[in-house]
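S.K.: the sequence and its predicted three-dimensional model are supplied below.
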Protein chains: 2
Amino acid sequence: MSDDAIPRRRAGGRAARQAARLHQVQEAVPYITRTMRPFEVLSEDGLELIERNADTILERVGVVFRDADALERLRAAGCEVEGELVRFPRGLARSIVQASAPREFVQHARNPARSVRIGGEATVLAPAYGSPFVRDLDRGRRYGTIEDFRNFVKLAYLSPWLHHSGGTVCEPVDLPVNKRHYEMVYAHLRYSDKPFMGSVTHPLRAADTVEMARIVFGPDELERKTVVMSLINANSPLVWDATMLGAARVYAEANQAVIMTPFILAGAMSPATVAGTAAQTLAEALAGMAYVQLVRPGAPVVFGSFASSMSMQSGAPTFGTPEPALVLYTLAACARRLGVPFRSGGALTASKIPDAQAAYESANTLQPTLLAGVNFVLHAAGWLEGGLTMGYEKFVMDVDQCGMLHAFARGVDLSENGQALEAIIENGPGQHFLGSAHTLANFETAFYRSTIADNNSVEQWEAEGALDAAQRANAIWKRMLAEYEPPPMDEAVDEELREWIERKKASFPDANE
Amino acid sequence: MSDDAIPRRRAGGRAARQAARLHQVQEAVPYITRTMRPFEVLSEDGLELIERNADTILERVGVVFRDADALERLRAAGCEVEGELVRFPRGLARSIVQASAPREFVQHARNPARSVRIGGEATVLAPAYGSPFVRDLDRGRRYGTIEDFRNFVKLAYLSPWLHHSGGTVCEPVDLPVNKRHYEMVYAHLRYSDKPFMGSVTHPLRAADTVEMARIVFGPDELERKTVVMSLINANSPLVWDATMLGAARVYAEANQAVIMTPFILAGAMSPATVAGTAAQTLAEALAGMAYVQLVRPGAPVVFGSFASSMSMQSGAPTFGTPEPALVLYTLAACARRLGVPFRSGGALTASKIPDAQAAYESANTLQPTLLAGVNFVLHAAGWLEGGLTMGYEKFVMDVDQCGMLHAFARGVDLSENGQALEAIIENGPGQHFLGSAHTLANFETAFYRSTIADNNSVEQWEAEGALDAAQRANAIWKRMLAEYEPPPMDEAVDEELREWIERKKASFPDANE
């Protein structure tokens, strides 16, 4: 595991200098290392109750696996299989997971300085995932294209507070469905050097992702290094489908990471309660993770949870409300007890635009995300409209919030300089600190500097056009894209990759499924 | 203390029905009772270090008290007094406070169902305080008037998620400075029946507040009941001025509550570090609270903290950033260790308008406010522009957030209904829960229903005018004011109060100081 020693400071280079300029003083790190104990919403007794209920669900209801390999392996492991329904004896799923799933692992990036630790005290932030639409202030809402996709990969690359390039940062609907993944994976590999996520829409596309990673990282490296992490969603309640299981198997067999994620709109895909949603999610995730460990014991796996509440009037998903935050805190604690990394949270909102609703709701999820100790945070930037839309302005606004999470997670500096006792003693009552030596020495790094906030007087703000936060964000993403330069890449590798992609593309006809 | 038994459900009446209609299902309570342990950012060792540093500040630097009575009492209590500078032997301020200050107390409201508990597991939410300006979407930014003041008292009265009427909800600049307090206090007493805050701009105005409270609550009641709570700000660093101390003394002598609050823009009024700001705030608050206990041992007193960070470029105050949140968590823990109620937090922002900046920043303070276990939350609704402006739309948007804090603070329901295990067992894999008996039984109360959020499809949202959150909020406060009816009040008491006010007003000339 000597490969997994992670340098704590990022490499230099022009991109780093650009990012430094955009974000001025604060130093970027490859991931957040939390310094505080997570916030707990349930006692140990309460968490045991949730675990018991998950076991009861696995034992009495069971989980449907629409995949022959899964049914066979689970039966062999001791499950009771009836058609596609798999019932787990109490404790079996947990014991399978705990027998071999790593507590934490490293996802290696093309640039080793950007490799991330998944699990433990680490929190890794990635862009939003899966939106068919994009939105900006200039052009409004429209279908996403590969150009938009590349733009968001570039923006994530330039954002010092995002550690990960993500996956389907938006759907490039201008490309045929069955060949999109080539250009998506290529964009992550070429326009960024941060870790990325692979295709899951077909097992063959997962295999293509692994192959492309082999070209870039070297043919034998993947056995030693996890370089792709992918999102495997359940069909809640209590179903894992063939496509997702097939993709998960491809990745697990290749020693690559999967995030087994029940995606739950509570009230529709689970009961309309926090404890019920948490128990069902835990059951589904345990079943999925157990299968991954049966495919390849020790393959890196992440316990995922996406839970939103629902408008009980319209059935629409709602975000930033208290109940999903309680689910998040509960399941983060369950993941810690289980001993696996946890994925949840993000800057979630139902708002169509980057207004106050979007910001309240996003902050109401981002804060629990950090305080619960989530390890991998998909949707940390850009998400609008319940995930239907990726917003350019929302993206840079959220990244600013991600920066604040970094500063908070460092905690209180109790060094002598942090205590500032001598400064207070020297200063005395009634004298301001603006000119004190201590203030001058800490001037550059004292406080997080928001890229979005306007803190000026109302007169100055009006003189500058009385812009709202979204309008200021509009200028920021445009400047970032204008200044973008790709990270270096070995030309021969790039050429090999492009040739491989073109050969594969030419080998079968376009199709939109 | 039998007076202090607090009914947990609010009284009925038309206002309650209106409020219930506006907020539909969720039931209002007189205050939040938290069910979770607070989030901690420092270990016990870290907190002891902050306390030691506060003691060092009190011992070596001292605190200026610009008030003869204070100097005399503090000298008698064992302080070393040199001119106006008071140095406290180590541990003295703490021991004075701990000898007599109540750990918690009840502030009685005119309507006993709305009396609030200050301290312990209780969190009480009050509107923003002190803005000279008001803003709404129709009329923009302008000076506040007594009509605006009354409007905000009415809005707070109608808001089931605000427990307190607050104090200077905006400055009524159309009234002479030396007579404003009569109409402000009258508005709280007449247009609301929630607890309120008194005048502190002159000791005589504090005395007038106490007198008006006596007329309404009965001449002898105040010795038994705390019915006024008032905000006493320090002149940080390390100064308490004569006006504030004089007002504090009036209230304490009358058994009424004061919140002793260092108001700190870190980097200007304290060092630019979290630990330095926390230690200085603790020292200032300890000194102020100790004085109050010397005036009247046992008088209710609250440890207040208002701490913002500063733009180190422009000197402007900044809000919703990580460092003030760390100060808040640190000092809430210090208050718990000291054993006194704590005031801090709110929906703070530097934004001029209710945009995404305002919402992000407000949420970034509101969440720590609840999770730190703040007991009294001034500025929970309406604050804009660093407190210079009270916003109508911001007010109702923040109140919606306050509602969410209620739902979160109740925690996870682990009842059988909350666990929903039978519902999951009956439902089985692959079937949605929309029609299940459990969902139907929980339909009305399952999830917090936001009054502001739009969760509809983009098509429906566009058909309804593509409004942002602020525009939706505009309609809400107007409807609330249109439907407002004052709470009942004994006509004879009202008449006595009005006559007393008019007599006082006529007894001295108007002045603007």
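M.R.: Arrived safely. Numbering: from 1, shown residues only, chains lettered A, B, ... in the order given.

S.K.: any weak-confidence spans in chain A?
M.R.: Residue ranges of chain A with pLDDT under 70: A:1-27.

S.K.: geometric centre of it: which residue is closest?
M.R.: Closest residue to the average C-alpha location of chain A: A:Leu378 at 2.1 Å, with Cα atoms, centre = their mean.

S.K.: and the gap between it and A:Leu371?
M.R.: 18 Å (Cβ to Cβ, to the nearest Å). For glycine as for every other residue, the C-beta is placed from the backbone atoms N, C-alpha and C.

S.K.: now A:Ser344. Nearest residue, chain neighbours left out?
M.R.: Among residues not flanking A:Ser344 along the chain, A:Ser305 sits closest, at 4.5 Å (Cβ to Cβ, 6 or more residues apart in numbering or on different chains).

S.K.: counting neighbours, what do you get for A:Gly83?
M.R.: Neighbour count of A:Gly83, defined by other Cβ atoms under 10 Å in any protein chain shown: 7.

S.K.: number of residues surrounding whichever residue of the stretch 201-350 of chain A sits closest to chain B?
M.R.: Chain B sits closest to A:Gly276 of the stretch 201-350 of chain A, with a gap of 3.0 Å, by Cβ to the nearest Cβ. Neighbour count of A:Gly276, defined by other Cβ under 10 Å: 29.

S.K.: helix or strand: which one has it?
M.R.: According to DSSP states H and E, A:Gly276 maps onto helix A:274-295.

S.K.: quick revisit: check contacts around the residue of the stretch 201-350 of chain A closest to chain B.
M.R.: Listed by Cβ atoms under 8 Å, 6 or more residues apart in numbering or on different chains, the contact set of A:Gly276 reads A:270, B:418-421, B:423-424, B:438.

S.K.: in helices, which of these fall?
M.R.: Per DSSP state H, helices hold the following members of these: B:418-419, B:421, B:423-424, B:438.

S.K.: show me which residues of the longest strand along chain A are buried.
M.R.: Looking across chain A with DSSP state E, the single longest strand is strand A:257-265. For strand A:257-265, a neighbour-count test (16 or more other Cβ atoms under 10 Å in any protein chain shown) marks A:257-265 as buried.

S.K.: what do you get for stretch A:105-119?
M.R.: Within stretch A:105-119, the residues that qualify as buried are A:105-111, A:113-119, counting by 16+ other Cβ under 10 Å.

S.K.: now do that stretch: everything it contacts.
M.R.: The contact list for stretch A:105-119, computed with Cβ under 8 Å, 6+ apart, reads A:3-4, A:6-7, A:9-11, A:30-31, A:102-104, A:122, A:124, A:163-164, A:189, A:192-195, A:216-217, A:225-229, A:257, A:300, A:302, A:340-341, A:375-376, A:487, A:489.

S.K.: now the buried members of these.
M.R.: Neighbour-count burial (16+ other Cβ under 10 Å) is assigned, among the contacts of stretch A:105-119, to A:6, A:10, A:30-31, A:102, A:104, A:122, A:124, A:163-164, A:189, A:192-195, A:216-217, A:225-229, A:257, A:300, A:302, A:340-341, A:375-376, A:487, A:489.

S.K.: give me the number of neighbouring residues for A:Gln460.
M.R.: For A:Gln460, the tally of surrounding residues (other Cβ under 10 Å) stands at 12.

S.K.: element containing it?
M.R.: helix A:458-463.

S.K.: next helix or strand past that helix?
M.R.: Sequence order places helix A:469-483 as the next helix or strand after helix A:458-463, per DSSP H and E.

S.K.: do that next one and chain B meet?
M.R.: Yes. Using Cβ under 8 Å from any Cβ of the partner chain, helix A:469-483 comes into contact with chain B via A:469-470.

S.K.: name the residues of that helix that are buried.
M.R.: Residues of helix A:469-483 classed as buried by neighbour count (16+ other Cβ under 10 Å): A:469-470, A:472-474, A:476-477, A:480.

S.K.: just the CA trace of that helix, in CSV.
M.R.: As requested, the backbone C-alpha atoms of helix A:469-483 are provided in CSV (Å, rounded to 0.1, in the frame of the first residue of the first chain):
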residue,chain,number,x,y,z
ALA,A,469,-25.1,36.4,-6.5
ALA,A,470,-26.1,34.5,-9.7
GLN,A,471,-25.0,37.4,-11.9
ARG,A,472,-21.7,37.6,-10.2
ALA,A,473,-21.3,33.8,-10.6
ASN,A,474,-21.9,34.2,-14.3
ALA,A,475,-18.8,36.3,-14.7
ILE,A,476,-16.8,33.8,-12.7
TRP,A,477,-17.4,30.7,-14.7
LYS,A,478,-16.8,32.6,-18.0
ARG,A,479,-13.5,33.8,-16.7
MET,A,480,-12.5,30.3,-15.6
LEU,A,481,-13.3,28.8,-18.9
ALA,A,482,-11.5,31.5,-20.7
GLU,A,483,-8.4,30.9,-18.7
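
S.K.: now for that helix, which elements pack on it?
M.R.: If contacts are counted by 3 or more Cβ pairs under 8 Å, 6 or more residues apart in numbering or on different chains; DSSP states H and E, helix A:469-483 sits against helix A:14-23, helix A:146-158, helix A:392-410, helix B:356-371.

S.K.: give me phi/psi at A:Asn427?
M.R.: A:Asn427 has phi and psi values of phi -70, psi -50 when expressed as degrees, to the nearest 10.
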